[in-house]
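Visitor: generate a structure from the sequence data that follows.
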Amino acid sequence: MHVSPVNSVILAHMFKNASASRIKKSLGQHFLIDRNAISRIAAAIPQGAQVLEIGPGRGAITNALLERAASLLLIEKDDVLVAEWQEKARNISSLSVIHGDALALIAQTVATHQPQWIAGNLPYNISGPLSVAMFACNLSGGMVLMYQREVGERIRADAGSKTYGGLSVLARHFYDVRRLLSLPPGAFSPPPKVHSAVLLFTPHGRTPVCDYSILQKTVRQGFAHRRKTIANNFRGVLNAADWQALDIDAGLRPEQLDYPVWARLAKHLAGMTG
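Guide: Model prediction:
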């Protein structure tokens, strides 16, 4: 459903009021203002999709998504901004708003509303744990998410890389990951002290061999001490016979194991605990 020209004008100017545009550092707010980046992010989501946006802020990405989405659900924590969005949603049938913390609400929101896509300029201060929660969501469409560049590089890193870690493994449970674009600090207001990256997560369609929850626990323990071997990180849990049965070199370090190996390990651990 398209937004009417009148509503588009309202949305374009809704945050000129000083009280609505104030920035809360505690929420990690850096608002995207680069028009080309906004267009490319929106264009990554198909016309007519059902979309969930995390942290719409002043609405730069939101306005573009409203022109494409059949329905758009927002999760916003900022009290002032959410009040503005709730007011605008009264006049836009395709728009709805949830007031709260995305980290606490994401799982239930996805289960209840079944969006095809998730989009968002993620707050830098919670991007890690929020990603862990979102990577558990097996969406039919995918995700377009913005990160601090270093976090984005960790997520899309391959096994063997120094930046490869738990987020790299968890992201691959349901998705293939690629970088859509990189953004300098000047693309935001206020400019952050870091560069940013937008990642595109596309469902790979393969049935995982283990549950996401057990993979998450396995990865947490396996990467607890990166300098130690995988055998040392699972000392007292797995023995030499287990590693042989799994066909995993126990002398490797956690960053040397690719996703299929981690999934195989998680499945084995799940079987041991019944």
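Visitor: list the contacts of the residue lying closest to H113 once chain neighbours are set aside.
Guide: In space, and not counting its chain neighbours, H113 is closest to L73: 5.7 Å by C-beta to C-beta, 6 or more residues apart in numbering. C-beta here means a position set from N, CA and C on the backbone, and glycine is covered the same way. By C-beta atoms under 8 Å, 6 or more residues apart in numbering, the residues touching L73 are 51-53, 96-98, 109, 113, 115.
Visitor: same question for Q216.
Guide: 132, 136, 170.
Visitor: also V97?
Guide: For V97, the contact set (C-beta under 8 Å, 6+ apart) comprises 73-74, 76, 82, 85-86, 89.
Visitor: neighbour-wise, which of the residues you listed leads?
Guide: L74 (27 neighbours; other C-beta atoms under 10 Å).
Visitor: how much space separates L105 from E76?
Guide: The gap separating L105 from E76 is 11 Å, by C-beta to C-beta, to the nearest Å.
Visitor: wait, I meant A270
Guide: 37 Å.
Visitor: cool, and L265?
Guide: In this structure, L265 and E76 are 38 Å apart, going by C-beta to C-beta.
Visitor: again, but for R35
Guide: Going from R35 to E76 by C-beta to C-beta gives 22 Å.
Visitor: let's have the contacts of L73 in CSV, adding pLDDT and distance to P184.
Guide: Below are the contacts of L73 laid out as CSV (pLDDT from 0 to 100; distance: C-beta to C-beta, whole Å):
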residue, pLDDT, distance to P184
V51, 98, 26
L52, 98, 27
E53, 98, 23
S96, 98, 33
V97, 98, 31
I98, 98, 31
T109, 98, 32
H113, 98, 34
P115, 98, 30
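Visitor: among these, which are in strands?
Guide: If you go by DSSP state E, the contacts of L73 have 51-53, 96-98 in strands.
Visitor: between those, which is closest to L181?
Guide: Ranked by distance to L181 (C-beta to C-beta), the ones in strands among the contacts of L73 are led by E53 at 17.7 Å.
Visitor: contact partners for that closest one?
Guide: When contacts are counted by C-beta under 8 Å, 6+ apart, E53 is found next to 61-62, 65, 72-75, 118-120.
Visitor: please redo it, this time with the cut-off set to 10 Å
Guide: Counting by C-beta atoms under 10 Å, 6 or more residues apart in numbering, E53 touches 45, 59, 61-62, 65-66, 69, 72-76, 102, 115, 117-121, 144.
Visitor: next one: L105
Guide: Taking C-beta under 10 Å, 6+ apart as the criterion, L105 is in contact with 54, 75, 77, 98-99, 112, 133.
Visitor: most neighbours among those residues, which one?
Guide: Most neighbours among the contacts of L105, by other C-beta under 10 Å: I54, with 25 neighbours.
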